[in-house]
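Peer 1: fold the following for me, if possible:
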Amino acid sequence: MAARKATIVLASGSAARRRMLEDTGIEFEVEVSDVDEDIVREALSDDDLLIEPADLAEVLARAKAEDVARRVDADIVIGADQVLSLDGATYAKPPSIAAARRQLLALRGKAHQLHSAVAIVRREERHWTHVDEVTVTMRDYSSAFVGRYLAAVGAAALESVGCYQIEGPGVQLIEKVEGDYFTILGLPLLPLLAELRRMGVLDQ
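Peer 2: All right, here's what the predicted structure looks like:
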């Protein structure tokens, strides 16, 4: 008798992460986590506790996977999150176009880091986490360019921590990238696939 295929759930509403997994040929379902990122960030931002951006990304990815694992009947739940850091500050997805404009102007002409984390929860048990980092250097673009860019992409600018989607018009904001392409999109895909193969979920 053939072994039963593992059921996989992606605990993320990110269109980019969904496309990445779909392109691999993996069969999975999507169940968006109810974790309030702002509450988690506030809880971890005590003045006496300086949490590293990579650790924050990992905590959020794990929390999302665990939240969905408690609610769905699945063998594997995959959570993911991304944190942007610049000059000691961390950034989340902007809440408005005005906030996105301020953020893009703060990033202008500088190099920032994207910390992308992925977590696997197996039958409600923590199984594996991984965090990868890339450095993205932004062009010294003009304020007028930022305005035209935001007018063109609209609400899509609010879907990523950097206000840009490198697979779209946002690539025009960027001068240089140092690191893995999938990590920029918000999911360390190759380490995730390697772990799923190690677990026997995917074919060797």
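Peer 1: can you give me the helices in the protein?
Peer 2: With DSSP state H as the criterion, the chain has helices at 15-24, 37-43, 53-69, 97-107, 143-153, 181-184, 189-198.
Peer 1: tell me which of those sits most buried.
Peer 2: Scoring these by mean neighbour count under mean count of other C-beta atoms under 10 Å gives helix 53-69 as the most buried, with a mean of 23. Any C-beta I mention is one placed from the backbone N, CA and C, and that applies to glycine too.
Peer 1: can I get stretch 140-152 in CSV? Just the C-alpha atoms.
Peer 2: In CSV, the C-alpha atoms belonging to stretch 140-152 read as follows (Å, rounded to 0.1, in the frame of the first residue of the first chain):
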residue,chain,number,x,y,z
ASP,A,140,19.7,57.4,-4.3
TYR,A,141,16.4,58.0,-6.0
SER,A,142,14.5,61.3,-5.9
SER,A,143,11.5,62.1,-3.8
ALA,A,144,9.6,62.6,-7.1
PHE,A,145,10.5,59.1,-8.1
VAL,A,146,9.1,57.7,-4.9
GLY,A,147,5.9,59.5,-5.5
ARG,A,148,5.5,58.2,-9.0
TYR,A,149,6.4,54.7,-7.8
LEU,A,150,3.8,54.7,-5.1
ALA,A,151,1.2,56.1,-7.4
ALA,A,152,1.9,53.3,-9.9
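Peer 1: what is the rounded mean pLDDT of that stretch?
Peer 2: What stretch 140-152 shows for mean pLDDT is 97.
Peer 1: okay, and the helix or strand of this structure with the least pLDDT?
Peer 2: Least confident helix or strand, the chain: helix 37-43 with a mean of 78, by mean pLDDT, DSSP states H and E.
Peer 1: next, the contact list for the spatially closest residue to K176 that is not a sequence neighbour, please.
Peer 2: Nearest residue to K176 in three dimensions, chain neighbours excluded: T137, at 4.2 Å (C-beta to C-beta, 6 or more residues apart in numbering). Residues counted as contacts of T137 (C-beta atoms under 8 Å, 6 or more residues apart in numbering) are 110-111, 174-178.
Peer 1: list the residues that contact the residue nearest to I26 when sequence neighbours are not counted.
Peer 2: Nearest non-adjacent residue to I26, counting by C-beta to C-beta, 6+ apart: I8, 6.5 Å away. By C-beta under 8 Å, 6+ apart, the residues touching I8 are 26-29, 74-78, 201.
Peer 1: how about a cut-off of 7 Å?
Peer 2: Going by C-beta atoms under 7 Å, 6 or more residues apart in numbering, I8 touches 26-28, 74, 76, 78.
Peer 1: just the buried ones out of these, please.
Peer 2: Listed as buried from the contacts of I8 are 26, 28, 74, 76, 78; burial here means 16 or more other C-beta atoms under 10 Å.
Peer 1: how about those, which pair is most distant?
Peer 2: The two members of these with the most space between them (C-beta to C-beta) are I26 and A74, at 13.1 Å.
Peer 1: what are the phi and psi values for the closest residue in space to A16 that isn't next to it in sequence?
Peer 2: Nearest residue to A16 in three dimensions, chain neighbours excluded: L185, at 4.6 Å (C-beta to C-beta, 6+ apart). With angles defined as degrees, to the nearest 10, L185 sits at phi -70, psi -10.
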